[in-house]
Structures are given as C-alpha cells and as structure tokens.
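Novice: Following is a predicted model, sequence given first.
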Amino acid sequence: MTGMHIGLGTALIVIALSFQYLITKRLKDAKLRKAYAWIAWIFALIGGAAVGTDIGNQLGITSVGAIIASFVMLGFIVADLKDHRPDWPAFILVTLAPTFMRLSGGGFGSFFHLLLTPLDALVKVAGGLFGV
C-alpha cells in the first residue's frame, strides 16, 4: 500500500507542477490561466494527501510542531485563495499541509483528520482513475 500512495501522490504532484509551469512560463490567456491554476491546486492537494498518508509518521516531527505548521500553512492558503492569487509558496504549502495535518494529535488532530476525510476519498477515486 505504501508504494501505491507515494507513486500516485508523486504522479499527481508532477501533473500539478506541470500546470504551474505552464501558467508561469507559457500561458497568456487569463481565463485559461485561472482554470489551470485550479487544476494545479486540486492535483497538488490530492497528491499531497496521498503522499502524506504514507510518509507522515516517518518524519519525526512532534505533534505540537505539526499543529503549528498546519495552522500557519492553512492561513497562507486561505489568504491566497481569498485574494484570488494562488502563487508558488501557497502552491507548495497546499502540497505539504496534508502531511503536517496528519502528524497532529489531540483535538486539533481530530479536527484535521475530519478535514482530510474528503481528500482521502478523492485519493481512492484518483487511484482508480489512474489504475492503481
């Protein structure tokens, strides 16, 4: 199971990075750039959730540190989404946030687990679509 999630997550992140590259280096049409940005963010989020499933507990990060990192990341992500300007730092954070959310314990960990439940379902759907 470990290889499946890491392989699927990596594939989704590669797709997301490709769309981000196209946005920054090639694409000029504003409407298509916006659509590509959403595609990139969705694939990055699902890919980050898939990778975080398997490597989350192997990083050696404390629960308190993970909670703090998760809140900081979510703050940046929400601010960028609200401003309609998803940039590279927030794109990277949307990929990493699920891993840190999985490392959180206690009440906040339960809350983060609740937030990640729909993403876990999307990981399963994506796995089926990719034949994994």
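Specialist: Yep, that arrived. Just so we're clear, the structure is a prediction, and the values are computed from it rather than from any experiment.

Novice: which residues of this structure fall in helices?
Specialist: 2-25, 30-55, 63-82, 88-103, 106-129 (DSSP state H).

Novice: Pull the residues that contact stretch 18-32.
Specialist: The contact list for stretch 18-32 (C-beta atoms under 8 Å, 6 or more residues apart in numbering) reads Arg33, Tyr36, Ala37, Ile39, Ala40, Phe43, Trp88, Phe91. C-beta coordinates here come from the backbone N, C-alpha and C atoms, glycine included.

Novice: between these, which is closest to Val64?
Specialist: Phe91 (26.1 Å; C-beta to C-beta).

Novice: Now do stretch 39-46, average pLDDT.
Specialist: Average pLDDT, stretch 39-46: 89.

Novice: and the helices of the chain, which is most packed in?
Specialist: Counting by mean count of other C-beta atoms under 10 Å, helix 88-103 has the highest mean neighbour count of those, with a mean of 21.

Novice: Specify the angle between that helix and helix 30-55 in degrees.
Specialist: 30 degrees (axes from the mean of the first three to the mean of the last three C-alpha atoms, to 10 degrees).

Novice: Distance from helix 88-103 to the middle of the chain?
Specialist: Averaging C-alpha positions (C-alpha atoms, centre = their mean, to the nearest Å) puts helix 88-103 5 Å from its chain's average.

Novice: Ok, stretch 67-83 next?
Specialist: Using C-alpha atoms, centre = their mean, the offset of stretch 67-83 from its chain centre is 12 Å.

Novice: How about stretch 22-38?
Specialist: With C-alpha atoms, centre = their mean, you get 19 Å for stretch 22-38.
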